[in-house]
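S.K.: Take this sequence and fold it.
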Amino acid sequence: MTETSLALSRISALANPTRFLALAGKILPWLAGLTFLCLAVGAWLSFTTEGDYQQGDTVRIMYIHVPAAWLSMMCYSVMAIAALGTLVWRHPLADVAAKTAAPIGAAFTFLALVTGSLWGKPMWGTWWVWDARLTSVFILFLMYLGLIAFNRAMDDPGRAARVSAIMILVGFVNIPIIKFSVEWWNTLHQPASVMRLDGPTIDPEFLWPLLVMALGFTLLFFTLHLMAMRNEIWRRRISVMRRNAARAAQAGAESR
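M.R.: Sure thing, here's the model as predicted:
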């Protein structure tokens, strides 16, 4: 068996909710501990580094704002992959992954918007401007809220999963717009200074705390996502049990 076939077989094995729950139960304590460690180290580095010569201590907002902005886009990308899993591969847990990621993505996007506003006031002299980057991130936040509302409003889980997956894939066009908006249009937002082909332009004193915080935020997302997926699987099982119990009670009443 090739390595690719072996990897696919392992992924297929996780399609079984029971196996997924068992694996998540083993991983979560270690993942949560690693998340706490990274966030603690990142916070310590963020507060012990010197402030910027122009921005002063205000630059420390960057250590929350930038990772939150990165995670807002990464979370939607995870949802897009899950949407493909729903429509193309019919993976049983793909819809669970997409549905549970939406509230987490909305929280990261909201945090990015709030911290960006707090950072923008002393730097730009205003809390908000309708430039391309800020507007596209705000649209992303509305997309998250729309998907959450849609999933809660639909009674048919199968139909909701398919329609939600299509909506997610259509909305994915906003992710490259957010990423390249500062290059395509004139905005107040600064261009990329970390993820560049010619290397980061940010000073290492600020780069390392930022990377550690970004790793901590990423681990936090996966921790929360696994917990949410596990809760959603249990919720669906309980819902099925209640429906079966109601049908059995109804059938018993009719047979009398």
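S.K.: Grab the nearest non-local neighbour of the most centrally placed residue in the chain.
M.R.: The centroid of the chain falls nearest to Cys75 when counting by C-alpha atoms, centre = their mean (2.6 Å). Once flanking residues are discounted, Cys75 sits nearest to Gly105: 3.4 Å by C-beta to C-beta, 6 or more residues apart in numbering. Yep, even glycine has a C-beta here, placed from its N, CA and C like the rest.
S.K.: now the helices: where do they sit in this protein?
M.R.: 3-13, 17-48, 62-87, 94-124, 132-153, 157-171, 174-184, 204-255 (DSSP state H).
S.K.: can you tell me which of those helices the model trusts least?
M.R.: Note on the helices of the chain: helix 3-13 shows the lowest mean pLDDT, a mean of 55.
S.K.: so how many other residues sit close to the residue nearest to Cys75?
M.R.: Gly105 has 26 neighbouring residues, counting by other C-beta atoms under 10 Å.
S.K.: where does it sit relative to Asp155, distance-wise?
M.R.: For Gly105, the distance to Asp155 (C-beta to C-beta, to the nearest Å) stands at 24 Å.
S.K.: what does Thr187 give?
M.R.: Relative to Asp155, and taking C-beta to C-beta, Thr187 is found at 42 Å.
S.K.: More neighbours: which of these two?
M.R.: A count of neighbours by other C-beta under 10 Å puts Thr187 above the other of Thr187 and Asp155, at 17 against 6.
S.K.: Could you tell me which residues make contact with the closest residue to Ala106 other than its chain neighbours?
M.R.: Spatial nearest neighbour of Ala106, excluding adjacent residues (C-beta to C-beta, 6+ apart): Tyr144 at 3.7 Å. Residues in contact with Tyr144 (C-beta atoms under 8 Å, 6 or more residues apart in numbering) are Tyr76, Ala102, Pro103, Gly105, Ala106, Thr109.
S.K.: Those: which two are farthest apart?
M.R.: Tyr76 and Pro103 (12.5 Å; C-beta to C-beta).
S.K.: Neighbour count: these two, which is higher?
M.R.: Ranked by neighbour count (other C-beta under 10 Å), Tyr76 and Pro103 place Tyr76 first, with 25 against 17.
S.K.: any idea how far the residue nearest to Cys75 lies from Asp131?
M.R.: 22 Å.
S.K.: Which single one of the contacts of Tyr144 is nearest to Ile238?
M.R.: Closest to Ile238, out of all of the contacts of Tyr144 and judged by C-beta to C-beta, is Pro103, at 19.3 Å.
S.K.: I figured the closest one hits Ala228, correct?
M.R.: Yes - at 7.4 Å, Pro103 counts as touching Ala228 under the criterion of C-beta atoms under 8 Å.
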